[in-house]
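S.K.: give the three-dimensional model of this entry:
(one chain, ligands or ions: 1)
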Amino acid sequence: MNFITEAVVKAVKTLYQTDVNPADINLQETRKEFEGQVTLVTFPFTKLSRKSPEQTGIEIGEFLKSEVSEISAFNVIKGFLNISLADSFWLNKFYTEILPDDFARFEPNGKKVMVEYSSPNTNKPLHLGHVRNNLLGYSVAKILEAAGYDVIKTNLVNDRGIHICKSMLAWQEFGDGETPESSGLKGDHLVGKYYVLFDKEYKKQIDELKAAGQTEEEAKKNAPIIKEAQQMLQKWEAGDKDVISLWKTMNGWVYAGFGETYKRLGVEFDKFYYESNTYLLGKDIVDEGLAKEVFFKKEDGSVWIDLTADGLDQKLLLRSDGTSVYMTQDLGTAQLKYDDFGMDESIYVVGNEQDYHFKVLFLILEKLGKTWAKGLYHLSYGMVDLPSGKMKSREGTVVDADDLISEMETTAKDQTEALGKVEGFGEAEKEELYHTIGMGALKYFLLKVDPKKRLLFDPNESVDFQGHTGPFIQYTHARIRSVLSRAGAISPAKSAAPLFAEERELILILGQFPEIIETAARGYTPAVIANYVYEVAKAFNKFYHERSILQADDEPTRQFRLQLSSASANVIKKGMGLLGIEVPERM
Ligand SMILES: NC(=[NH2+])NCCC[C@H](N)C(=O)O
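M.R.: Numbering: from 1, shown residues only. Here you go, the predicted structure:
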């Protein structure tokens with residue numbers, strides 16, 4: 001609302017002979033209970049006018065009304081000057097900004113950003129925590145792309161280490177040659193099954209050793225099966241052919257399984273990093289840190305950094321036996337990513353149990369003098385739970401991602417059928433619709449809140465067609481499309497019809513979309529988009545219930561309402577797309 005700011009500057013200059021800085025002029029959206037669309041807070045000007053806020057508001061309002069043709073009326077309530085903009089303003093905004101195809105389309109801003117998300121370990125299937133992670137990461141990537149960034153979506157797969165050796169060993173011992181084909185299990189589930197079997201056997205051996213008099217700690221170290229797993233890891237590191245071959249086979253099963261889950265979730269990646277390629281990288285950084293005297297060596301040869309002056313502690317970077325730790329690998333990977341892409345910003349979507357890790361990681365890189373370290377950001381998120389009793393996973397503890405997706409499809413199906421929707425759909429089309437609704441419900445529910453919040457996910461509530469949910473918004477979109485499909489061609493002619501309040505409100509909200517994208521991109525916050533799209537859906541429904549579209553009084557009005565409906569559908573579709581949510585054409 002630049003022109004209003006300018007006019008206020010002029011008003012203050014004329015009325016009070018004072019220059020004000022445009023940045024100090026506070027314009028807000030008018031509160032729902034008052035008439036008007038834009039509100040000026042007049043208190044700061046009472047010092048200049050030496051009049052009451054009421055009087056000051058009236059003086060400025062009168063000046064604005066006579067000066068600016070787009071301002072049609074004003075009122076002053078408790079020192080707030082509420083300004084009504086003329087229909088010509090709203091219509092002009094609608095036809096020149098909102099209706100054209102390039103609305104809310106940003107030019108490339110020349111900035112590169114990497115979003116790392118998912119980053120699973122290859123010893124078990126994805127779970128509910130990964131679901132939140134994937135949805136957040138994918139949505140943030142889409143939002144940044146929409147805001148003009150060049151985005152690289154990456155996945156850092158932890159494909160090596162003791163965890164996968166555990167699955168491999170258990171498979172060798174108990175597997176009897178079982179494969180995904182022979183078992184009918186998805187590859188990641190098959191490998192996960194052996195991870196669980198390993199753990200079971202390990203526990204058994206620990207108990208036996210404890211019964212024979214060893215302490216818990218001793219037993220954990222001495223259990224034969226864990227020793228075997230460690231030997232296997234050493235063989236892997238030495239490049240043992242058989243171990244590497246089994247490792248490749250089993251990781252291959254896992255990737256096929258993950259691939260299916262990613263597809264059902266609707267997420268994808270531009271670049272995969274594998275820890276088997278990056279786990280040795282950090283050692284260069286260790287040398288660099290020692291040379292720069294940012295790190296120090298202890299007597300036993302281990303390498304550390306002292307962060308006590310920063311309120312943190314001492315952090316190990318290289319063990320005395322020369323092996324590296326998680327932090328060291330992440331230092332090396334951060335450097336590799338930067339060398340590969342030279343991005344301006346790099347976002348790590350990782351759960352809040354790693355808050356400390358990332359604080360330390362970023363601080364170390366800064367201390368090493370990496371100029372790009374200031375562009376690093378940890379997008380941290382909290383746990384998600386399901387109401388107790390809902391969907392116990394087969395492994396007993398965490399909710400499996402594949403099961404959750406299936407559960408969502410079933411819930412969507414049950415609720416849709418109960419409402420008697422989906423008439424005239426073929427079987428395949430129905431299945432697709434249930435998937436779209438189920439995933440829309442899940443994604444919307446997880447993305448509409450602050451990621452830091454711990455969340456209780458309720459499948460039934462998430463599908464509620466009347467609630468603040470994905471399906472409510474999807475349904476609104478389908479409703480608009482159905483109106484439009486019955487309307488025939490929409491003319492491009494511009495209407496000059498007087499507007500109703502609901503129409504003005506809808507144009508106002510639609511017009512905020514570009515700003516909303518920018519805000520969401522700046523804060524890496526899908527919730528901003530989610531809540532905005534809900535406002536659009538509500539404003540459209542209000543308009544739809546108050547005004548007839550297809551039966552409008554005259555043709556220009558009918559055309560205008562169709563145009564407004566079409567623009568609303570486009571914004572909903574694009575906004576939901578930024579959350580990774582599809583919107584059906586009909587439902
Ligand atoms: N660059 C990173 N540290 N990314 C996160 C890796 C997460 C790790 N694979 C885990 O499951 O805990």
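S.K.: neighbours around the nearest residue to residue 20 once chain neighbours are set aside, how many?
M.R.: Excluding the flanking residues, the one nearest residue 20 by Cβ to Cβ, 6 or more residues apart in numbering is residue 12, at 5.0 Å. In this view, the C-beta of every residue, glycine as well, is placed from N, C-alpha and C. Here the count is done by other Cβ atoms under 10 Å, and residue 12 has 22 residues near it.
S.K.: for residue 12, grab phi and psi.
M.R.: Residue 12 has phi and psi values of phi -70, psi -40 when expressed as degrees, to the nearest 10.
S.K.: same question, residue 125
M.R.: phi -70, psi 170.
S.K.: check contacts around it.
M.R.: 186, 188-189, 192, 257, 261, 400-402 (Cβ atoms under 8 Å, 6 or more residues apart in numbering).
S.K.: if you set the cut-off to 6 Å instead, what comes out?
M.R.: 188-189, 192, 400 (Cβ atoms under 6 Å, 6 or more residues apart in numbering).
S.K.: before we move on, back to that, do you know how far the residue nearest to residue 20 is from residue 47?
M.R.: 11 Å (Cβ to Cβ, to the nearest Å).
S.K.: run through the bridge partners of the residue of the stretch 151-300 of the chain found nearest the ligand.
M.R.: Closest residue of the stretch 151-300 of the chain to the ligand, Cβ to the nearest ligand atom: residue 158 (3.9 Å). Beta-bridge pairing of residue 158 under DSSP bridges involves residue 121.
S.K.: give me the element residue 229 is part of.
M.R.: helix 224-237 (DSSP states H and E).
S.K.: how far is that helix from where the chain is centred?
M.R.: Taking Cα atoms, centre = their mean, to the nearest Å, one finds helix 224-237 lying 38 Å from the centre of the chain it belongs to.
S.K.: over to stretch 230-243?
M.R.: With Cα atoms, centre = their mean as the basis, stretch 230-243 stands 38 Å off its chain's centre.
S.K.: before we move on, what about stretch 170-178?
M.R.: Worked out by Cα atoms, centre = their mean, stretch 170-178 lies 39 Å from the chain centre.
S.K.: any buried residues in that stretch, and which?
M.R.: Of all the residues in stretch 170-178, those buried under the rule 16 or more other Cβ atoms under 10 Å are 170-172, 175.
S.K.: and the helix or strand where residue 54 lies, what does it pack against?
M.R.: Assigned by DSSP H and E, residue 54 belongs to helix 53-67. Applying 3 or more Cβ pairs under 6 Å, 6 or more residues apart in numbering; DSSP states H and E, we find helix 53-67 packed against helix 2-16, helix 43-49, strand 71-77.
S.K.: show me the contacts for residue 153.
M.R.: By Cβ under 6 Å, 6+ apart, residue 153 lies in contact with 115, 141, 269-270.
S.K.: the helix or strand containing it pairs with which strands, and in what direction?
M.R.: Secondary structure from DSSP H and E places residue 153 in strand 150-157. Here strand 150-157 has these sheet partners by DSSP bridges: strand 112-116 (parallel), strand 271-274 (parallel).
S.K.: skip the chain neighbours and tell me the closest residue to residue 44.
M.R.: The nearest residue in space to residue 44 (Cβ to Cβ, 6+ apart) is residue 24, at 7.0 Å.
S.K.: now do the buried residues in the very next helix or strand once past the helix holding residue 229.
M.R.: Under the assignment DSSP H and E, the closest C-terminal helix or strand after helix 224-237 is helix 241-265. Of the residues in helix 241-265, 243, 246-247, 250-251, 253-255, 257-258, 261-262, 264-265 count as buried by neighbour count, 16+ other Cβ under 10 Å.
S.K.: adding distance to residue 332 as columns, could you present those in CSV?
M.R.: Shown next, in CSV, are the buried residues of helix 241-265 (distance: Cβ to Cβ, whole Å):
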residue, distance to residue 332
243, 23
246, 26
247, 21
250, 25
251, 21
253, 28
254, 23
255, 23
257, 28
258, 24
261, 28
262, 26
264, 33
265, 29
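S.K.: what subset of these is also close to the ligand?
M.R.: By Cβ under 6 Å from any ligand atom, no member of those lies near the ligand.
S.K.: could you list the paired strands of the lowest-mean-pLDDT helix or strand in the chain along with their orientation?
M.R.: Sorted by mean pLDDT, DSSP states H and E, the helices and strands of the chain end with strand 384-385, the least confident at a mean of 88. Under the criterion DSSP bridges, strand 384-385 sits next to strand 455-456 (parallel) in its sheet.
S.K.: now the strand it pairs with, how far from the centre of its chain.
M.R.: From the chain centre to the centre of strand 455-456 is a distance of 16 Å (Cα atoms, centre = their mean).
S.K.: so for the residue positioned nearest the centre of the chain, what's the pLDDT?
M.R.: Most central in the chain under Cα atoms, centre = their mean is residue 136, positioned 2.6 Å from the mean C-alpha point. pLDDT, residue 136: 98.
S.K.: that one looks like it's in a helix, true?
M.R.: Yes: applying DSSP: H, G, I helix; E, B strand; the rest coil, one finds residue 136 inside a helix.
S.K.: so who does it touch?
M.R.: 349, 451.
S.K.: thinking again about what came up before, just the closest of the contacts of residue 153 to residue 544, please.
M.R.: Among the contacts of residue 153, residue 141 lies closest to residue 544 (Cβ to Cβ), at 32.8 Å.
S.K.: thought that closest one was touching residue 113?
M.R.: No: contact between residue 141 and residue 113 fails when scored by Cβ atoms under 6 Å: they sit 8.4 Å apart.
S.K.: the more surrounded of these two?
M.R.: Higher neighbour count among residue 141 and residue 113: residue 141, with 29 against 25, using other Cβ under 10 Å.
S.K.: can you classify that one by secondary structure?
M.R.: Strictly by three-state DSSP, residue 141 counts as helix.
S.K.: fine by me, we can end here.
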